[in-house]
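Visitor: okay, here's the prediction I keep looking at, along with the sequence it came from:
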Amino acid sequence: MASITFSGATGNFSFLPTAAVSENSNNIKGGFNSLKKNLNNTIKKHNGRNLVSTNVASPPLPVIAHPPPKEESGDGYDGSHVAWTSVRQERWEGELLVQGEIPLWLKGTYLRNGPGLWHVGGYNFRHLFDGYAMLAKLHFHDGRLTAGHRQIESEAYTAAMKNQKLCFREFSEVPKPANFLSYIGELANLFSGASLTDNANTGVVKLGDGRVVCLTETQKGSIVIDPTTLDTLGKFEYSDTLGGLIHSAHPIVTDTEFLTLLPDLINPGYLAVRMKPGTNERKVIGRDDCSRGPAPGWVHSFPVTEHYIIVPEMPLRYCAGNLLKAEPTPLYKFEWHPDSKAFMHVMCKASGNVVASVEVPLYITFHFISAYEDTDEDGRVTAVIADCCEHNADTTILDKLKIQNLRSYTGKDVLPDAQVGRFKIPLDGSPYGKLEAALDPNEHGGGMDMCSINPAYLGKKYRYAYACGAQRPCNFPNTLTKIDLVEKKAKNWYDEGAVPSEPLFVARPGSTEEDDGVVISMISEKNGDGYALLLDGSTFEEIARAKFPYGLPYGLHGCWVPSK
Ligand SMILES: CC1=C(/C=C/C(C)=C/C=C/C(C)=C/C=C/C=C(C)/C=C/C=O)C(C)(C)CCC1
Ligand SMILES: [Fe+2]
């Protein structure tokens, strides 16, 4: 879609034709007229306002971003915290005024994906993970910052907008069948995967060949986007015949490969697969049978070391019965099976052989931080260490992430505790592994999730992790935390009322220290505002922030696309 660029006395800005089409507007075609109206308002309001940027690297900039009128969200929610409020409009792009200094070496685009719209045709979704995907971008260039956001045009989103109703099965939502016959058809669609969503609202990755793909847990929800325009380019079609409907939402992606796990719901186990850059074909590395249980454990993410793929087998297991249900069950598509125990498996990347399968204490994790090989004094690998954001084996976190619970914060401390869970998986044939807190959880306020590390340390022994932590009372992680796994200390960033999204570490080119770089996050504020935030990776002090024209909802995961 072409953009229209306008230049004025106070600077120039571009506005995409559908940018002013409110998500609530029933008349999509009428959007262009309202665009023109908004545009005239924008021009009038910005004429003569020449705000000075405090960024010494760039010339004074006009404010070129203008919030659209705050419309009623359409879901009966007045938006007291923008983190849990549907995005105001389908898309926007503009340059932001920077306070502080963006390092001149920071050249590239931070992309962040996440749910952004939780209602359709007057119907409100129940869970955070149900929302239609919204991509946000922060493009850093010469100390300046251009931002934008846009809904991903998945089939699920497009059909919902066209028909003004839910048309595909989301995390907790199921379309209502019109009658019994359509219910039977719906069941058939479920078995074929046709009724599952392709709403790619979880993550975004840059493949080794440069393609940028948004992902969710359904394989059909792999969608290629343009990292500059945020255009939806089309489905990422896997050209192999591996089949299956779901995969891990967090593949491990490097310049040379894409590794992921495909859970097998029929013969409980996992296929580990590899896809090379420039291809769409996944090849099997190996298969890992589940040790126990009626189905594989939920595998939202998994870690790797230099030589191994670590396959987690949580007692929170997929449940085919729950997949078929029309109403959400207490644990959605999953079931908690403590009797089936918990395991960690280690598969050799080269041979596909499973070299260790150990029972570990019960655990709940969605996000692994990283893993590495532990060696003895002779350099022999004796164990694998795998770290994760672990929710004290308590599934209640899933319920806390219901949109209603997030919106109805009363000031009570309701966020369940979490820890940096450190697994030690012996490779000497012993049947048991260990799980312990890697540091005192009070260091990060007891809550924690949404983590990243310096990507150069993927699979290697590392010291620092960046995550969201908690300053209590809270109902959701509300700090950014830098965790030092050697000193067993954390340094925390906090801004009252702020909900920060997953911190992403970008290394300074040529750096030799693990924490030499910046940490990028996007903040949703209680008052409806929001800003991009840059922290120094080493001191964890703020170095720059830039206010968005209006706050954006909370987003899940991001990636860095360096400029060429
Ligand atoms: C759509 C279907 C599914 C979808 C699964 C999805 C969208 C899962 C998303 C999971 C995410 C975003 C997990 C994030 C966790 C964040 C936490 C715990 C933060 C905690 C803070 O304290 C299936 C369920 C796969 C079934 C098929 C259909
Ligand atoms: Fe995730």
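Guide: Arrived safely, thanks for sending. Residues are numbered from 1 along each chain as shown. Ligands and ions are numbered 1, 2, ... in the order given.

Visitor: leaving out sequence neighbours, find the closest residue to the closest residue to ligand 1 within the stretch 401-550 of the chain.
Guide: Nearest residue of the stretch 401-550 of the chain to ligand 1, counting by C-beta to the nearest ligand atom: residue 449, 3.7 Å away. From N, CA and C alone the C-beta is placed, and that goes for glycine too. With sequence-adjacent residues excluded and distances taken as C-beta to C-beta, 6 or more residues apart in numbering, residue 449 is closest to residue 389, at 4.3 Å.

Visitor: got the residues of this structure near ligand 1?
Guide: 129, 169-171, 196-197, 202, 216-218, 246, 249, 300, 333, 366, 397, 447, 449, 477, 556 (C-beta under 6 Å from any ligand atom).

Visitor: which residues of the stretch 351-500 of the chain fall in strands?
Guide: For the stretch 351-500 of the chain, the strands defined by DSSP state E, counting those that start in this stretch cover 354-360, 365-375, 381-390, 419-426, 434-437, 448-452, 464-469, 479-484, 489-494, 499-500.

Visitor: so how far is the fourth one from its chain's centroid?
Guide: This points to strand 419-426. In terms of C-alpha atoms, centre = their mean, to the nearest Å, the centre of strand 419-426 is set 23 Å apart from its chain centre.

Visitor: which neighbouring elements make contact with that strand?
Guide: strand 342-348, strand 354-360, strand 365-375, strand 381-390, strand 434-437 (3 or more C-beta pairs under 8 Å, 6 or more residues apart in numbering; DSSP states H and E).

Visitor: next: the fifth one.
Guide: Packing contacts for strand 434-437, counted by 3+ C-beta pairs under 8 Å, 6+ apart, involve strand 419-426.

Visitor: related to what we said a few turns ago, quick one: pLDDT of the residue nearest to residue 449?
Guide: Listed pLDDT for residue 389 reads 98.

Visitor: go on, residue 8?
Guide: 24.

Visitor: before we move on, the earlier item: my read: the residue of the stretch 401-550 of the chain closest to ligand 1 touches residue 470, true?
Guide: No. Contact criterion C-beta atoms under 8 Å: residue 449 and residue 470 do not qualify, at 9.6 Å.

Visitor: rewinding a little: for the residue nearest to residue 449, list the residues it contacts.
Guide: Residues in contact with residue 389 (C-beta atoms under 8 Å, 6 or more residues apart in numbering) are 365, 366, 367, 369, 418, 420, 421, 448, 449, 450, 451, 467.

Visitor: report how many residues lie close to the residue nearest to the last one when sequence neighbours are not counted.
Guide: Looking back up the chat, that one is residue 467. Spatial nearest neighbour of residue 467, chain neighbours left out: residue 451 (4.0 Å); criterion: C-beta to C-beta, 6+ apart. Using other C-beta atoms under 10 Å, residue 451 has 22 neighbouring residues.

Visitor: didn't residue 451 look like it was pressed against residue 365?
Guide: No. Taking contacts as C-beta under 8 Å, residue 451 lies outside contact range of residue 365: 10.5 Å.

Visitor: verify the stated contact: residue 225 with residue 153.
Guide: No. The criterion here is C-beta under 8 Å, and residue 225 misses it with residue 153 at 9.3 Å.

Visitor: with neighbour numbers in mind, choose between the two.
Guide: residue 225 (26 against 18).

Visitor: who does that one form a beta bridge with?
Guide: Beta-bridge partners recorded for residue 225 (DSSP bridges): residue 212, residue 232.

Visitor: pLDDT value on it, please?
Guide: 98.

Visitor: one more: residue 182?
Guide: 73.

Visitor: so it sits in a strand?
Guide: No. Read with DSSP: H, G, I helix; E, B strand; the rest coil, residue 182 is helix and lies in no strand.

Visitor: look up how far ligand 1 lies from it.
Guide: Going from residue 182 to ligand 1 by C-beta to the nearest ligand atom, to the nearest Å gives 19 Å.

Visitor: shared neighbours of residue 225 and residue 153, which are they?
Guide: Joint contacts of residue 225 and residue 153 (C-beta under 8 Å, 6+ apart) are residue 232.

Visitor: who's in contact with the spatially closest residue to residue 203 that is not a sequence neighbour?
Guide: Spatial nearest neighbour of residue 203, chain neighbours left out: residue 557 (4.0 Å); criterion: C-beta to C-beta, 6+ apart. The contact partners of residue 557, by C-beta under 8 Å, 6+ apart, come to 112, 113, 114, 202, 203, 204, 250, 450, 502.
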